[in-house]
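[1] Output the structure for:
(2 chains)
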Amino acid sequence: MEKQPIIKTRQLFKHYEMGEGKFTALADVDLDIEKGEFTGVVGPSGSGKTTLLNIIGALDHPSEGSAEVLGQKIEKLNSKEAAKLRNYNIGFIFQSYNLLPVYTVFENVELPLLLLKKSKKEREQMVKDALDWLGILDKIDSRPAQLSGGERQRVSVARAMVKKPEIVLADEPTANLDSDNAHNILQMMLELNNELDTTFIFASHDYKVKQYLRRMIKLKDGRVIEDQEKTPELNMSEE
Amino acid sequence: MLNFKLALKNLLGAGIRTWLNVIVLSVAFVAIIWTQGLVEGMNKTTINNMKRTIYGGGQFRHQNYDPYDPLTIEDSHGSLTNKLQKIIDKNRAVPILITRGALYPHGRMKNILIKGIPPKQDLLDMPMENLSTETEYIPAVIGNRMASQTDLKPNDIVTVRWRDKDGTFDAADIQIVNIMKTPVPAVDNGQIWVSYKKLQEMMNTKNHATLVVTEEGYTGDTKVSGVWEFKSLDYLLRDLREIAQMKTVGSSFMYLLLLLMGLLALFDTQVLSIFRRKREIGTLMALGMERSKVISLFTLEGALHGILAFIVGGIWGIPLMVWTAKSGIALPELMGDFGLAMASSLYPSYGWKLVIGSIILVLVSVTIVSYLPARRISDVEPKDVLSGRE
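    Presented below is the predicted three-dimensional model:
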């Protein structure tokens, strides 16, 4: 049976006001992304990667065209509905981790579950499972400042994955990591993708990320210039 | 509940910044309640002293009696009616006769009021038993202020001159049998106290009085005859209450100043906090927290400063306030000269209205001050702050 896309963009444009003129960050983007994809949006700085992820993540609205995520038209969502979509269905991984500094690892990972109003027992179990999975259970009571860059990004991945979202959006997740840590993190994401069938979308121009992708969408000046299925150069069994 | 937990965690996690604000606010909290307690205590003490020494539960006054007009005082007395006499006989009231006179201490002349009071009265807080002392002179009691003004000491003999009811001048020597220490200048400054009967003899006004002071809480008959008018305690205290009101308004400036200081510190922290934590705000929104909830989280964080300040203020402020309320605050001797019926110590009074009112005022102000900067969160775009554009 043919898979239905969970993300669909049609003639998607995004313009920004720039003084008296306007800057077009995305132009005429048509994309279909299916469940379980491990996809990367690649391109040079300013090509529109982050803007596309922001629109898919309901953090921004299209200027023209449409973006449909899990059946919901992003352009029609109000801020409450957008928050709900993010809360239930989307996990974010950021380049600079964006962990809350006064919270422990446990509390950082627990936060999305608190927003979902999960019971205490459920939260504890889910957080521990996520941390165990990412190999940082021993850091459960540490604060972000006490962790290395790689460990912080793992916490960030755990926070994105703990609620088992349908989609994970990762914006330059390896940009601040050394080569070993970057591969470890990507390996783990790939495993999560395989195990949970979570859709991963990366915005990156990091070669290390490209090695793991099964589909690569190239953007230039806001336009899709190439969209190709590919065989990952690295997969779960090799690094 | 979630916001409360997060706010508390953020607040405690902020460490020294939180505690500095909390300390400033707690100082404002305690100082507000304490200064208002002082004013309240001052007002209460003054009113109580006036009630205990001269107002009782209200006064029957001769219709001509005007305490602010010394020139009519000699014509402001009259016979006690049967009804009044009965009230006095039941020890529910004390008659006082007043006339003008002159005192000649150490060769100087001082215009005074001569007041007659039964020596054995126990309704008013004035020690007058010594007026029964057997002496060849007229026994007289004066207050400590009067003693200081005239340089008179116990057992001193001094000449006093007065006019009887027919206008005839008379003079006699009086002997100071007691100097009473009273907090009430109104029964002390420029006056001497003699026996009620003796003053009647001196003025040739048998059975006359100028005013009759009833016992505290007097609820008896207030209509005794056309010559005597009953002045209720509320009427007698109205001037004092007006002064108290003015003092309260005056002290409110201090109150507002203290509050403003605390609120300014908090406002500053909130503005800085929202500026510094934009990325955190964006992260919370990206995780699915609604914008309005982020605003309420930051508002709550600010408001919790007020609650923490209340707790911290309670820890150090309650013992301080209880201690001052019990031991009192020593007042300089000069206080009496300002016309305030104050004892040598001032006992602050913290009514529940004052405490609850102050708590509500501070907490509401803190919440408003926390909300004002937090509103700016509605301008924060997560897409901008997360990518570091802001």
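
[2] Stretch A:190-206 and chain B, are they touching?
    No: with Cβ under 8 Å from any Cβ of the partner chain as the criterion, chain B is not reached by stretch A:190-206; the gap is at least 10.2 Å. C-beta here means a position set from N, CA and C on the backbone, and glycine is covered the same way.

[3] Could I get the full set of strands for the stretch 1-150 of chain B?
    Assigned by DSSP state E, counting those that start in this stretch, the stretch 1-150 of chain B shows strands spanning B:58-62, B:78-79, B:93-104, B:110-117, B:138-143.

[4] what about those, which gets the closest to chain A?
    Chain A lies closest, by Cβ to the nearest Cβ, to one member of the strands of the stretch 1-150 of chain B: strand B:58-62, at 64.2 Å.

[5] Tell me which other helices or strands the closest one touches.
    Counting by 3 or more Cβ pairs under 8 Å, 6 or more residues apart in numbering or on different chains; DSSP states H and E, the packing neighbours recorded for strand B:58-62 are strand B:211-214, strand B:228-232, helix B:233-276.

[6] quick one, which of the ones you listed is packed in tightest?
    Of all the helices and strands packed on strand B:58-62, strand B:211-214 has the most neighbours on average by mean count of other Cβ atoms under 10 Å in any protein chain shown, namely a mean of 24.

[7] For the lengthiest helix in chain A, buried residues please.
    What stands out as the longest helix in chain A, according to DSSP state H, is helix A:179-196. Along helix A:179-196, these residues count as buried under the neighbour rule (16 or more other Cβ atoms under 10 Å in any protein chain shown): A:N181, A:A182, A:H183, A:N184, A:I185, A:L186, A:Q187, A:M188, A:M189, A:L190, A:L192, A:N193.

[8] what's next to that helix, contact-wise?
    Contacts to helix A:179-196, defined as Cβ atoms under 8 Å, 6 or more residues apart in numbering or on different chains, come from residues A:36, A:38, A:133-134, A:148-150, A:153-154, A:157, A:161, A:164, A:168, A:170, A:173-174, A:177, A:198-200, A:206, A:208-209, A:211-212, A:232, A:234-236, A:239.

[9] Identify those among those that sit within strands.
    A:F38, A:V168, A:A170, A:T199, A:F200 (DSSP state E).

[10] before we move on, which element is the residue nearest to the second one when sequence neighbours are not counted in?
    By that I understand A:V168. Using Cβ to Cβ, 6 or more residues apart in numbering or on different chains and skipping residues adjacent in sequence, the residue nearest A:V168 is A:G91, 4.4 Å away. Assessed by DSSP states H and E, A:G91 sits inside strand A:90-93.

[11] Neighbouring strands of that strand in the sheet, and parallel or not?
    strand A:167-171 (parallel) (DSSP bridges).

[12] returning to that earlier point: could I get the buried residues of helix A:179-196 as CSV with distance to B:S79?
    Listed next are the buried residues of helix A:179-196 as CSV, based on distance: Cβ to Cβ, whole Å:
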residue, distance to B:S79
A:N181, 108
A:A182, 111
A:H183, 115
A:N184, 110
A:I185, 107
A:L186, 112
A:Q187, 113
A:M188, 108
A:M189, 108
A:L190, 113
A:L192, 107
A:N193, 111
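
[13] what element comes up after the helix or strand bottoming out on mean pLDDT in chain B heading to the C-terminus?
    Using mean pLDDT, DSSP states H and E, the weakest-scoring helix or strand in chain B turns out to be strand B:345-346, at a mean of 76. Note on strand B:345-346: by DSSP H and E, the next helix or strand toward the C-terminus is helix B:352-374.

[14] Please see if the helix or strand sitting right after that following helix along the chain touches chain A.
    Next along the chain after helix B:352-374, taking DSSP H and E as the criterion, comes helix B:382-386. Yes: Helix B:382-386 comes into contact with chain A (Cβ under 8 Å from any Cβ), by way of B:P382, B:K383, B:L386.

[15] Please dump those residues into CSV; it should also carry neighbour count for every row.
    As requested, the residues of helix B:382-386 next to chain A are exported to CSV (neighbours: other Cβ atoms under 10 Å in any protein chain shown):
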residue, neighbour count
B:P382, 27
B:K383, 20
B:L386, 26
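
[16] and the gap between the closest residue to B:G56 other than its chain neighbours and B:Q121?
    Spatial nearest neighbour of B:G56, excluding adjacent residues (Cβ to Cβ, 6+ apart): B:V213 at 4.3 Å. According to Cβ to Cβ, to the nearest Å, B:V213 stands 9 Å off from B:Q121.

[17] hang on, the earlier thing: run through the residues that contact the residue nearest to A:V168.
    With Cβ under 8 Å, 6+ apart, A:G91 has these contacts: A:P112, A:R159, A:A160, A:M161, A:K163, A:P165, A:I167, A:V168, A:L169, A:T198.

[18] Quick one: neighbours of the third one, just the number.
    A:A160: 28 surrounding residues under other Cβ atoms under 10 Å in any protein chain shown.

[19] Against A:M189, how distant is it?
    9 Å.

[20] Show the contacting residues for A:I225.
    A:K218, A:L219.

[21] Tell me which helix or strand it sits in.
    strand A:223-229.

[22] That strand pairs with which strands, and in what direction?
    Short version: by DSSP bridges, strand A:223-229 pairs with strand A:215-220 (antiparallel).

[23] which bits of chain A sit near chain B?
    Contact residues, chain A versus chain B (Cβ under 8 Å from any Cβ): A:50-51, A:54, A:57, A:59-60, A:79-80, A:83-84, A:86-88, A:90, A:92, A:94, A:96, A:98, A:100-103, A:107, A:111-112, A:114-117, A:159, A:171.

[24] Flag every residue of chain B that's near chain A.
    B:2, B:5-6, B:9-10, B:12-14, B:279-280, B:282-291, B:381-383, B:386-388.

[25] Give the buried subset of these as a PyMOL selection command.
    Buried residues among those (16+ other Cβ under 10 Å), as a PyMOL selection:
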select buried, chain B and resi 6+9+10+13+14+279+280+282+283+284+285+286+287+288+289+290+291+381+382+383+386+387
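
[26] among the residues of chain B next to chain A, which are in helices?
    Judged by DSSP H, the residues of chain B next to chain A include B:2, B:5-6, B:9-10, B:12-13, B:279-280, B:282-286, B:291, B:382-383, B:386 as members of helices.

[27] and the gap between the residue nearest the centre of chain B and chain A?
    In chain B, the residue lying closest to the centroid (Cα atoms, centre = their mean) is B:N43, at 1.1 Å. Plainly put, B:N43 is 47 Å away from chain A if you go by Cβ to the nearest Cβ, to the nearest Å.

[28] Give me the pLDDT value at the residue lying closest to that residue once chain neighbours are set aside.
    Distances taken as Cβ to Cβ, 6+ apart put B:A244 closest to B:N43, at 3.9 Å, once the chain neighbours are dropped. B:A244 is assigned 79 on the pLDDT scale.

[29] Can you name the residues that contact B:A244?
    Contacts of B:A244 by Cβ under 8 Å, 6+ apart are B:V39, B:N43, B:T46, B:I47.

[30] Now restrict those to buried residues only.
    By the neighbour-count criterion of 16+ other Cβ under 10 Å, these include these buried positions: B:V39, B:N43, B:T46, B:I47.

[31] Tell me which residues touch the first one, please.
    If I follow you right, that is B:V39. Contact analysis of B:V39 by Cβ under 8 Å, 6+ apart lists B:A244, B:K247, B:T248, B:S251.

[32] rewinding a little: buried subset of the residues of chain A next to chain B?
    Neighbour counting by 16+ other Cβ under 10 Å classes A:50-51, A:54, A:57, A:59-60, A:83-84, A:86-87, A:90, A:92, A:94, A:96, A:98, A:100, A:102-103, A:107, A:111-112, A:114-116, A:159, A:171 among those as buried.
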